[in-house]
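Engineer: My questions concern the predicted model and sequence given below.
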Amino acid sequence: MKNQKISFQTAGTSESLYPAEDGNRPLVVLHVYAGDGRSVVGAMGEIGCGDCSLLVVGGLKWDHDMSPWFCPPPAGNTKPCTGGADAYLRVLLDEILPETLKRIPGTPPFLGIAGYSLAGLFALYAMYHTDRFSRAASVSGSLWFPEFAEYAKSRAPKHEPDRLYFSLRDTEAKTRSELMNTVQENTESLARWYRTRGIPTTYELNPGGHFRDAALRTAKGIAALVKE
């Protein structure tokens, strides 16, 4: 991946595109809470991630755009999630992706989607509402989200995933929030469920807390999606 960054804006979001070195390489969409994804790109280089184009989308209304439906504040210092994922996904598909595809070399053989925390939840949710993405990485995904595990198991994705990647820290479930402490149980349950469907699924449990090595772990998730 080149160090080149192409910046543009659509529909109130901010896009940072890191084009692949060669043409016709995969495109991965990564949603971030803040920043332009430069630390993730650096980590991708350090671990020898396969060549791909990376679109980093920021400037989001995080608790709205990345949440599939309403959820009260899951812990005392958090905000409610207000369920704007469907509306944002339309913006992603109709506005952001077309502008991105104009700016990358060649035609990507597939599109992947990745995210950390709530964006990891959104990455998986998007698979049930569009067939544009064939691979997804949910890194420390907010899979504690109420009723999401049941939702995912009760229907089929729009595109049967070619590959899924899950990653979690082993202390993330150790919280006073009765809702958030289900995250490991739900993540492991979903990983097992996708495997029973014959979907190649990777699950990694790493030591530490939610925010540790976020860029490196996100890079590992992207690398898992684009490996040959």
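Structural biologist: Sure, I can see it.
Engineer: for stretch 43-62, which positions count as buried?
Structural biologist: 43-44, 49-50, 52-58, 60, 62 (16 or more other CB atoms under 10 Å). Where C-beta positions appear, they are placed from N, C-alpha and C, glycine not excepted.
Engineer: ok, now stretch 194-211?
Structural biologist: So stretch 194-211, judged by 16+ other CB under 10 Å, has buried residues Y194, T201, T202, Y203, N206, H210.
Engineer: Tell me which helix or strand the fourth one sits in.
Structural biologist: Pointing back at Y203 there. strand 201-206 (DSSP states H and E).
Engineer: right, and F133 touches M127 too?
Structural biologist: Yes. Applying CB atoms under 8 Å, one finds F133 in contact with M127, separated by 6.1 Å.
Engineer: Find residues that contact each of these two.
Structural biologist: Common contact partners of F133 and M127 (CB atoms under 8 Å, 6 or more residues apart in numbering): I113, H159.
Engineer: Compare the two and say which one has the larger neighbour count.
Structural biologist: The neighbour count for F133 versus M127, taken as other CB atoms under 10 Å, is higher for F133 (27 against 23).
Engineer: excluding its backbone neighbours, what's nearest that one?
Structural biologist: Using CB to CB, 6 or more residues apart in numbering and skipping the chain neighbours, the partner closest in space to F133 is I113 (4.5 Å).
Engineer: would you list every one of the strands in the protein?
Structural biologist: 6-10, 13-18, 27-31, 53-58, 70-71, 81-82, 111-116, 135-139, 163-169, 201-206 (DSSP state E).
Engineer: Same list (those) but as CSV, adding mean pLDDT and distance to S39.
Structural biologist: Formatted as CSV, those follow (pLDDT from 0 to 100; distance: least, CB to CB, whole Å):
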stretch, mean pLDDT, distance to S39
strand 6-10, 93, 16
strand 13-18, 96, 12
strand 27-31, 98, 11
strand 53-58, 98, 10
strand 70-71, 96, 28
strand 81-82, 96, 25
strand 111-116, 98, 11
strand 135-139, 98, 13
strand 163-169, 95, 16
strand 201-206, 94, 17
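Engineer: closest one to L101 among those?
Structural biologist: L101 lies closest to strand 27-31 among the strands of the chain, at 7.6 Å (CB to CB).
Engineer: between that closest one and strand 111-116, how big is the angle?
Structural biologist: 30 degrees (axes from the mean of the first three to the mean of the last three CA atoms, to 10 degrees).
Engineer: Give me the helices and strands touching strand 27-31, please.
Structural biologist: strand 53-58, helix 97-101, strand 111-116, helix 118-126, helix 214-226 (3 or more CB pairs under 8 Å, 6 or more residues apart in numbering; DSSP states H and E).
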